[in-house]
Every structure is written in structure tokens, then in C-alpha cells.
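**Student:** Okay, predicted coordinates and the sequence, questions at the end:
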Amino acid sequence: MTETIEAPAAVKQITHWIGGRRVAGESGRSGPVYNPATGRQTGEVAFATVEEVDRAVQAAKEAFVEWRQMSLAKRAELFFRIRELVHERREEVARILTAEHGKVLSDALGEVTRGLEVIEFCCGIPTLLKSEYSEQASTGIDVYSIRQPLGVVAGITPFNFPAMVPMWMWAPALATGNTFVLKPSEKDPSASLWTAELLKEAGVPDGVFNVVMGDKVAVDAVLEHPDIAAVSFVGSTPIARYVYETATARGKRCQALGGAKNHMIVLPDADIDMAADAAVSAAYGSAGERCMAISQVVAVGSAADPLIDAIKERIPKVKVGDGLDPSSEMGPLVTREHRDRVASYVENASDEGATVLVDGREGAPEDGFFLRPSLLDDVKPGMKAYEDEIFGPVLGVTRVDTYDEAVRLVNENPYGNGTAIFTRDGGVAREFQFSVQAGMVGINVPIPVPVAYYSFGGWKASLFGDRHIYGPEGIDFYTRGKVVTSRWPDPATSKVDLGFPQTR
Ligand code: NAD
């Protein structure tokens with residue numbers, strides 16, 4: 001009998017990107033990257049040393065000299081080219097996201113599309129950098145303001161949006177004339193290298209965009225580096241707080257977006273089917289690994305029973321499987337450890353006094369890091385299932401008697417990222433909008449991620465810093481103001497030129 005031995009699937013080496021090319025890591029330290037749908041390791045990502053981070057910063061520092069000279073017209077043209085390339089090749093990067101994060105391909109494409117909107121916004125950089133001018137502020141004196149880039153800026157990003165969240169940062173940072181060092185999540189780093197190659201192909205000069213892979217060593221090197229002027233961070237709250245405190249203590253500008261526990265209030269007058277569709281989509285989409293996922297429904301009065309029935313009816317229909325299978329609606333979780341941690345909340349829910357209505361540990365595909373959707377009833381403040389950001393496909397329901405109790409729960413929660421209310425009563429919805437303590441509010445909209453020409457950010461422990469990310473606040477974050485007071489004794493510099501005026 002001949003025995004066939006299956007060759008181990010190749011594990012690709014995932015490098016840094018410094019000065020316009022791939023650079024192999026020299027630290028000897030690295031981390032595994034998995035395909036969460038199979039559970040198999042597919043990559044090995046290098047972890048940067050302090051020296052390697054320094055090399056990336058030096059490349060960015062050198063590139064800044066030329067990059068900030070580029071005219072707005074040319075920079076806008078380049079951004080249109082980047083936009084076209086990302087649009088043309090979005091399926092390619094979506095496949096990379098699915099292969100390393102696990103989210104289903106349609107959701108990965110959705111991620112790229114939302115990131116593209118930020119790039120499109122940045123195509124308007126000439127308009128976005130227009131400033132103010134006061135003629136004759138004093139006799140013969142004009143005063144005007146300009147906004148200039150900061151220099152080398154850095155981004156540190158989470159695993160859950162490996163393409164979009166970096167786009168929230170590098171697009172406005174580059175458009176405003178900064179150069180960039182990205183430290184992506186070590187769990188799904190390949191999309192960053194894809195981005196680096198695409199930017200090079202679009203014509204972004206070497207050194208303008210750099211990627212250092214790694215863990216805490218690389219993050220600390222970024223936070224300590226004297227030549228990095230600003231740090232954008234997106235990730236969990238404890239690390240966001242640490243990054244904000246460390247970066248600002250070293251004189252850097254910092255925006256650090258943290259975790260979330262997004263509550264969705266459902267009033268008795270709501271369209272219950274619509275609310276149930278929204279809750280299921282927002283709780284289980286991307287396996288609940290979204291900072292804007294709904295993780296807690298607050299059902300007011302008589303809304304609770306019909307709403308829970310409607311959610312329960314929908315859960316068995318959610319198709320869980322490999323993200324590359326077009327019939328899958330929900331993929332696996334990112335790692336085995338994370339899957340097990342999420343499952344532990346379901347396991348302990350009854351001991352805490354909650355009721356497990358649907359147990360997602362049952363019936364999940366066996367290979368890979370899968371769970372099915374779980375639904376917990378009678379979840380209350382004080383329970384771990386209520387207090388913690390579970391970041392998985394576990395939806396809790398809290399029952400309250402009144403709207404006032406519901407909104408108090410949202411306002412007393414330490415997080416304040418997103419929240420939503422489902423009602424037909426415009427007056428209550430307006431009161432909610434007025435008094436709720438959260439940065440992004442949905443009215444009959446479960447995932448109110450702002451469009452690219454607004455800015456994204458939470459309140460309380462969901463954001464450290466005073467500027468939200470992307471949109472107008474992103475432009476503001478990556479620039480600093482200068483006010484010029486000017487007087488011209490003789491403005492007689494002129495020449496004849498009959499050509500149609502061109503941008504130069
Ligand atoms: P994470 O905080 O573990 O990691 C984020 C980044 O910090 C990664 O690049 C990681 O390498 C680095 N990091 C991790 N531990 C570190 C440490 N001890 N010291 C220094 N750096 C460290 O977050 P994650 O698990 O990758 O992502 C999920 C979290 O991100 C969730 O809490 C989610 O809510 C949050 N998130 C928030 C938003 C938002 O906009 N508010 C968006 C997406 C994700």
C-alpha cells in the first residue's frame with residue numbers, strides 16, 4: 001500500500017515595508033497568522049525592533065521634505081489614482097481580509113467600500129485645506145490662516161478592520177502632506193502590505209507610507225520616538241488609554257479610539273420585525289467583531305417578548321461558514337483564544353443569573369474558530385456578560401419598564417461609542433438624540449457609522465483625545481494652524497501671460 005503524505009501548506013513570511021520596499025525582519029521574533037476558517041497557520045509575521053521602527057521613521061522623515069512640497073493639485077490627482085486602483089482591486093484585498101480575519105467576502109468588500117469613501121473625501125483636499133483671510137484687518141494689513149502638516153505621523157490599528165481603519169488614518173494624513181508609519185494588527189497584517197504596494201503603484205513616493213509589523217515593542221517604539229508628531233490609535237480601551245497617556249506625555253498629538261458596548265433601545269411602538277432584523281444584523285455581522293456592533297438590546301416594557309421571539313426565529317437562519325463560500329453570512333472569529341474567550345461568556349451566563357436562549361457553541365463548524373450566534377436574556381448590570389465588551393456573536397437582552405430606565409443604562413455605561421433607538425415616536429427619538437451620552441447615535445439605524453464627510457468617534461472610554469477620526473476632524477488632527485499677519489509696501493510684481501491659467 002502506498003501512503004500519501006500531505007505536504008504542509010506553505011507559511012508565507014510577512015515583512016515590514018520601509019522606504020518603498022519589503023524589508024525582512026531582523027529581530028528573530030515573529031507571530032503566527034491563521035486562516036480562521038480552517039484553523040491552519042498561513043503566515044508568520046515579523047515583529048519589529050526599536051531600530052527597525054526607527055528606520056521606518058527615518059524613511060518617513062526624509063520623504064516628508066519633498067512630499068509636503070507637492071501642490072494640492074498634484075496631491076488631489078494622486079488621490080484620484082489611488083481611489084481608482086483601490087476600486088479596481090477591491091476584490092483582491094477583500095480576499096486577503098477574509099483569509100486572515102475570517103469575515104465573509106461580501107462584508108470584506110463592504111469594509112473596503114467604506115474605506116474608499118474616506119479616500120474619496122480626501123480627493124477634495126484642495127477644498128478641505130482652504131483657510132480664512134481678513135483683508136484690511138488693520139490699515140494696509142491682511143491676516144490669514146493656513147494649515148500645515150505635522151511631519152511624520154503614526155497609526156496603530158486593530159484586527160477587526162485591517163484595511164478600512166488604516167484608511168481612516170493614512171488617507172487624511174497623506175492628503176494633508178504628512179508621511180506615515182503604520183503598525184497594523186499582528187493578527188491579520190497582509191492587507192497593510194497590499195496597501196503599501198498599491199500606493200507605490202499609484203505613484204506615492206518611497207518613504208511616504210511605511211509599515212512596521214509587530215507587538216508591544218513596536219508600539220512602544222512608536223510612542224517613544226521623538227520624530228513622530230502624532231499617533232492615531234484604534235483598538236481596545238485599556239490599550240487606547242495607555243497609548244493616549246504615553247503619547248501625550250511625550251508631547252505628541254494623539255487620538256485613541258477604544259472599545260464599546262453598544263446598546264440598542266427598542267420601545268413598544270417600534271416596528272418589531274424591523275428592530276429584530278436590525279438587532280440580528282448588527283449583533284452577528286462580522287461575528288460581532290465590530291466596534292459598532294450591537295451587543296446589548298434594551299427592551300422596554302411590552303417590546304421584550306415579541307422582540308425576543310422575532311430574534312430567536314431569525315437566528316437559526318444565519319448561515320455560518322467559511323467567508324469565501326458565497327452562501328455564508330457569518331464567518332469564524334479571528335483566533336482560537338478569542339473564540340474560546342467569547343464562548344466562556346455563554347458558558348458562565350446562567351451562573352450569573354442570565355438565561356441562555358440560544359447557545360452558539362452548539363452546531364458551529366468544527367474546523368476553524370467558529371461559533372454560532374448566541375442570545376442571552378435577563379442580562380443585567382453587574383454581570384460580566386453585561387459589563388465586558390465580549391466582541392463576538394453574543395447578544396444580550398436587558399428588560400426595563402420605561403424609556404427613562406433604558407436611556408439611564410446607556411448613559412451610565414462607561415463606553416459611549418454607538419447607540420441606537422427603535423421607535424416610531426419622533427418626540428422620544430429627539431429626546432434620545434438630545435440627552436444620550438454617546439458619540440454616534442442611530443434612530444432606527446443600528447450601526448450609525450458616520451459617512452466620510454462627518455467624523456467617527458465615541459465618547460467616554462471609547463475615545464481618548466479631543467478629535468474624532470476621518471472627515472473634517474481628521475483633517476484638523478493631521479494639520480496645525482498658522483496665522484500670518486502681512487503688509488506689502490509695493491505689490492508691483494506682474495508679467496504678461498496670455499495662456500489659459502493652469503494649476504502649478
Ligand atoms: P487591541 O487593543 O488588542 O490591539 C490594537 C493594537 O494595539 C494592535 O495593533 C496591537 O498590536 C496593539 N497592542 C495590543 N496589545 C498591546 C499592548 N499591551 N501594548 C501596546 N500595544 C498593544 O485591539 P484588537 O483586539 O486588535 O481590536 C479589537 C478592539 O478594538 C475592540 O475593543 C474594539 O472595540 C476596538 N475597536 C474600536 C474601534 C473604534 O472606532 N472605537 C474600531 C475598531 C475596533
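**Tutor:** Structure received.
**Student:** hey, let's count contacts and neighbours off CA atoms from now on
**Tutor:** Will do.
**Student:** where in this structure is pLDDT low?
**Tutor:** Where the chain drops to pLDDT under 70, the residues are 1-9, 490-493, 503-504.
**Student:** got the residues of it near the ligand?
**Tutor:** Contact residues (C-alpha under 6 Å from any ligand atom) of the chain with the ligand: 156-160, 183-186, 215-216, 219, 234-236, 239, 257-260, 291, 462.
**Student:** Could you list which of these belong to helices?
**Tutor:** Using DSSP state H, the subset of those located in helices is 216, 219, 239.
**Student:** which secondary structure element contains the residue most central in space within the chain?
**Tutor:** When C-alpha atoms, centre = their mean is applied to the chain, the residue found nearest the centroid is residue 165 (3.4 Å). In the assignment (DSSP states H and E), residue 165 maps to helix 164-175.
**Student:** swap in residue 201?
**Tutor:** helix 190-202.
**Student:** by contact count, what packs against the following helix or strand past that helix?
**Tutor:** Note on helix 190-202: by DSSP H and E, the next helix or strand toward the C-terminus is strand 209-211. Counting contacts by 3 or more C-alpha pairs under 8 Å, 6 or more residues apart in numbering; DSSP states H and E, strand 209-211 packs against strand 16-18, helix 50-67, strand 179-183, helix 190-202.
**Student:** mind redoing it with 7 Å?
**Tutor:** Contacts defined by 3 or more C-alpha pairs under 7 Å, 6 or more residues apart in numbering; DSSP states H and E place strand 209-211 against strand 16-18, strand 179-183.
**Student:** picking up where we left off before, without its sequence neighbours, what residue ends up closest to the residue nearest to the centre of the chain?
**Tutor:** In this structure, residue 165 finds its nearest non-sequential neighbour in residue 157, 6.6 Å apart by C-alpha to C-alpha, 6 or more residues apart in numbering.
**Student:** try residue 48
**Tutor:** In this structure, residue 48 finds its nearest non-sequential neighbour in residue 214, 5.2 Å apart by C-alpha to C-alpha, 6+ apart.
**Student:** Please apply the same query to residue 23.
**Tutor:** Nearest non-adjacent residue to residue 23, counting by C-alpha to C-alpha, 6+ apart: residue 16, 5.1 Å away.
**Student:** quick one: what helix or strand has residue 145 in it?
**Tutor:** Per DSSP H and E: strand 141-149 holds residue 145.
**Student:** what's in contact with that strand?
**Tutor:** With contact meaning C-alpha atoms under 7 Å, 6 or more residues apart in numbering, strand 141-149 is reached by 129, 131-137, 176-178, 478-487.
**Student:** which of those residues count as buried?
**Tutor:** Neighbour-count burial (16 or more other C-alpha atoms under 10 Å) is assigned, among these, to 129, 176-178, 478-479.
**Student:** Greatest separation within those residues: which pair is it?
**Tutor:** When C-alpha to C-alpha is used, the two most widely separated members of these are 129 and 178, lying 13.5 Å apart.
**Student:** Tell me the secondary structure of residue 334, please.
**Tutor:** Classification of residue 334 using DSSP: H, G, I helix; E, B strand; the rest coil returns coil.
**Student:** contacting residues around the residue nearest to residue 221 when sequence neighbours are not counted?
**Tutor:** Computed as C-alpha to C-alpha, 6+ apart, the closest residue to residue 221 that is not its neighbour in sequence is residue 50, at 5.3 Å. With contact set as C-alpha under 7 Å, 6+ apart, residue 50 has these partners: 217-218, 221.
**Student:** Which residue does the stretch 251-400 of the chain have closest to the ligand?
**Tutor:** Proximity of the stretch 251-400 of the chain to the ligand (C-alpha to the nearest ligand atom) peaks at residue 259, 3.3 Å away.
**Student:** wait, what's in contact with that residue?
**Tutor:** Counting by C-alpha under 7 Å, 6+ apart, residue 259 has contacts 235-237, 291, 462.
**Student:** do the same with residue 26
**Tutor:** By C-alpha under 7 Å, 6+ apart, residue 26 has no neighbours at all.
**Student:** host element of it?
**Tutor:** Counting by DSSP H and E, residue 26 is found in no helix or strand.
**Student:** measure it to residue 49 for me?
**Tutor:** Going from residue 26 to residue 49 by C-alpha to C-alpha, to the nearest Å gives 8 Å.
**Student:** Kindly report the same for residue 460.
**Tutor:** 33 Å.
**Student:** These two - which one has more neighbours?
**Tutor:** When residue 460 and residue 49 are compared for neighbours, residue 49 comes out ahead with 22 against 17, by other C-alpha atoms under 10 Å.
**Student:** what's the nearest residue to that one if we skip its chain neighbours?
**Tutor:** Among residues not flanking residue 49 along the chain, residue 27 sits closest, at 5.9 Å (C-alpha to C-alpha, 6+ apart).
**Student:** Residue of the stretch 401-504 of the chain nearest the ligand, please.
**Tutor:** Taking C-alpha to the nearest ligand atom, the stretch 401-504 of the chain has residue 462 as its residue nearest the ligand, at 5.6 Å.
**Student:** That residue and residue 415 touch, don't they?
**Tutor:** Yes: between residue 462 and residue 415 there is a contact at 5.3 Å, judged by C-alpha atoms under 7 Å.
**Student:** Give me the common contacts of these two.
**Tutor:** Residues within reach of residue 462 and of residue 415 at once, by C-alpha under 7 Å, 6+ apart, are residue 260.
**Student:** Return the set of residues that bridge with residue 182.
**Tutor:** Beta-bridge pairing for residue 182 (DSSP bridges): residue 155, residue 211.
**Student:** from memory it sits against residue 155, does it?
**Tutor:** Yes: at 4.8 Å, residue 182 and residue 155 qualify as touching, with contact defined as C-alpha under 7 Å.
**Student:** what's the angle from the helix or strand where residue 136 lies to strand 141-149?
**Tutor:** Residue 136 is located in strand 133-138, with elements delineated by DSSP H and E. Orientation note: strand 133-138 sits at an angle of 140 degrees relative to strand 141-149 (axes from the mean of the first three to the mean of the last three C-alpha atoms, to 10 degrees).
**Student:** Okay, now the sheet partners of strand 133-138, with direction.
**Tutor:** When DSSP bridges is applied, strand 133-138 pairs with strand 141-149 (antiparallel).
**Student:** in the strand it pairs with, what counts as buried?
**Tutor:** Using 16+ other C-alpha under 10 Å as the test for burial, strand 141-149 gives 142-143, 147-149.
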